[in-house]
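Colleague: Give me the fold of what follows.
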Amino acid sequence: MNASADLKACGISIRDQFVSAAEVRRLRKCANDRQSRGDFAAARIGARASAQRRAEVRGDFTCWLREPFQGPERALLDRLEDLRLELNREAYLGLFELELHYALYPPGAGYAPHVDQPQGTTQRKVSLVLYLNEDWGPADGGVLRMHDANTQVLDIEPVGGRLVCFLTSGREHQVLPARRDRLSISGWFRGRE
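Modeller: Next up is the predicted model:
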């Protein structure tokens with residue numbers, strides 16, 4: 001199955017080896033370069049004017065993916081553009097733009113249950129996360145826990161190269177605490193409304 005068929009069938013798509021191990025290493029280097037420049041900041045919750053750091057709710061550090069892009073970042077953006085076009089062609093989602101950021105969770109950090117749709121908005125249509133972790137195992141924690149309306153949960157390990165996409169609207173999810181640094185690129189395909 002492809003991502004659009006998965007999203008239509010169950011609202012979630014998991015694609016292992018969306019990027020290769022070598023691409024994971026190159027993207028990790030890009031993140032390290034940005035971190036050494038001081039581009040990462042403690043993630044905050046709430047509306048822009050009243051946003052605050054609450055590490056007990058959200059303990060990651062983020063860096064928005066903006067120009068200038070390094071080669072591996074540009075290659076990823078091109079691949080995600082192909083995915084956007086596939087989703088529009090096969091699932092009629094009307095996606096027109098992508099916003100992305102690196103998310104680094106230090107040991108002990110997680111993200112409490114939440115939805116990715118800011119209150120009063122509907123522009124975020126498809127959430128996505130690409131994991132950049134090497135040699136990740138169950139003992140390392142940091143799973144993405146997806147909730148559904150029937151109180152069922154799906155735990156997804158943050159294995160390097162794995163891309164998870166899900167329909168954003170109403171989809172509650174959380175990041176369980178990691179036991180070592182957990183790195184990903186996360187974001188949203190957005191619609192016009």
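
Colleague: Test for you: state the pLDDT assigned to the closest residue in space to H147 that isn't next to it in sequence.
Modeller: Ranked by Cβ to Cβ, 6 or more residues apart in numbering and with sequence neighbours excluded, the top spatial neighbour of H147 is E172, at 4.3 Å. In this view, the C-beta of every residue, glycine as well, is placed from N, C-alpha and C. Here the pLDDT value assigned to E172 is 90.

Colleague: what sits against E172?
Modeller: Contact analysis of E172 by Cβ atoms under 8 Å, 6 or more residues apart in numbering lists P113, H114, V115, M146, H147.

Colleague: same thing but at 7 Å, please
Modeller: Contacts of E172 were listed using Cβ atoms under 7 Å, 6 or more residues apart in numbering, and they are P113, H114, V115, H147.

Colleague: Over to S169?
Modeller: Q117.

Colleague: same question, the one 4 residues further on
Modeller: Applying Cβ under 7 Å, 6+ apart to H173 gives the contacts L144, R145, M146, H147.

Colleague: Report the beta-bridge partner residues of it.
Modeller: Here H173 shows beta-bridge partners H114, M146, assigned using DSSP bridges.

Colleague: Assign S184 to helix, strand or coil.
Modeller: Remark: S184 carries the secondary structure label strand [criterion: DSSP: H, G, I helix; E, B strand; the rest coil].

Colleague: could you measure it against L98, distance?
Modeller: 15 Å (Cβ to Cβ, to the nearest Å).

Colleague: Same check on R15?
Modeller: Applying Cβ to Cβ, one obtains 16 Å for the distance of R15 from L98.

Colleague: Same question for I185.
Modeller: Look at I185 and L98: by Cβ to Cβ, they are 11 Å apart.
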